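Novice: Quick one, fold the following:
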Amino acid sequence: MNVRQQIIATLLALASSAAWAGYACPPESSTSGGWTPLECVQAKKPVCADCGTVESVNMVETEDASGLGAVAGAVAGGVLGNQVGKGKGKTLATVIGAVGGGVAGHYGEKYLRKKTRWDVVVLMEEGTHRTVSYDEAPDLKAGDKVKVNGNSLTRQ
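Specialist: Have a look, this model is predicted:
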């Protein structure tokens with residue numbers, strides 16, 4: 001190739017890259033067809049709808065009281081309070097026993113029904129968040145790449 005051909009080839013290459021320098025890639029929803037520059041095709045990375053990165057693993061303690069503990073405690077406390085004293089003292093002891101038993105029964109039930117779960121927060125590839133809960137501590141940490149499969153996660 002002579003010098004003249006090299007200059008022409010160089011000018012054509014510069015003109016071609018300058019012409020596309022300001023070109024914006026068409027939106028993914030475009031259905032107009034036609035030619036798309038290679039840079040736009042390479043820039044589009046397919047998004048996995050079920051893939052993401054673990055953001056955090058949080059231990060959550062819940063207290064699930066139904067109220068049965070308070071009722072049972074109040075009844076037991078009232079029966080025991082009724083065994084004490086005479087007249088108005090007996091009535092007062094019954095009321096105090098029922099209230100004290102109800103409070104004790106409520107907190108006792110909350111303690112016995114305390115549950116622990118682990119919530120794993122995942123930042124999905126498309127930008128949303130999903131939370132998956134486990135009854136036992138999962139073997140996952142922030143930064144792990146995972147795939148969501150219903151109510152469980154698998155490491156990628």
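
Novice: Can you spell out which helices and strands pack onto the helix or strand in which residue 71 is found?
Specialist: Taking DSSP states H and E as the definition, residue 71 sits inside helix 68-82. Secondary-structure packing of helix 68-82 (3 or more Cβ pairs under 8 Å, 6 or more residues apart in numbering; DSSP states H and E): helix 88-112. (Each C-beta comes from the backbone N, C-alpha and C, glycine too.)

Novice: mind listing what's buried in the helix it packs on?
Specialist: 93-94, 97-98, 100-102, 104-106, 108-110 (16 or more other Cβ atoms under 10 Å).

Novice: next one: stretch 67-82
Specialist: Under 16+ other Cβ under 10 Å, the buried positions of stretch 67-82 are 69, 70, 72, 73, 74, 76, 77, 78, 81.

Novice: List just the nearest of the residues you listed to residue 10.
Specialist: residue 69 (86.2 Å; Cβ to Cβ).

Novice: I figured the closest one was touching residue 103, is that so?
Specialist: No - judged on Cβ atoms under 8 Å, residue 69 makes no contact with residue 103 at a distance of 10.0 Å.

Novice: Am I right that residue 140 is in a helix?
Specialist: No - applying DSSP: H, G, I helix; E, B strand; the rest coil, one finds residue 140 to be coil, outside a helix.

Novice: Pretty sure it sits against residue 156.
Specialist: No - Residue 140 is beyond contact range of residue 156, at 11.5 Å (criterion: Cβ under 8 Å).

Novice: More neighbours: which of these two?
Specialist: Using other Cβ atoms under 10 Å, the more surrounded residue of residue 140 and residue 156 is residue 140, with 18 against 11.

Novice: which one is the more buried one nearest to, not counting chain neighbours?
Specialist: Of all residues not flanking residue 140 in the chain, residue 54 sits nearest, at 5.3 Å (Cβ to Cβ, 6 or more residues apart in numbering).

Novice: now swap in residue 68 and tell me
Specialist: Closest to residue 68 by Cβ to Cβ, 6+ apart is residue 109, at 6.7 Å.

Novice: how far away is that neighbour from residue 86?
Specialist: 33 Å (Cβ to Cβ, to the nearest Å).

Novice: before we move on, what about residue 51?
Specialist: From residue 51 to residue 86 the distance is 75 Å (Cβ to Cβ).

Novice: who has more neighbours, the two?
Specialist: residue 51 (15 against 8).

Novice: Can you name every helix or strand that the longest strand seen in the chain contacts?
Specialist: Counting by DSSP state E, the longest strand found in the chain is strand 51-63. If contacts are counted by 3+ Cβ pairs under 8 Å, 6+ apart, strand 51-63 sits against strand 114-124, strand 145-149.
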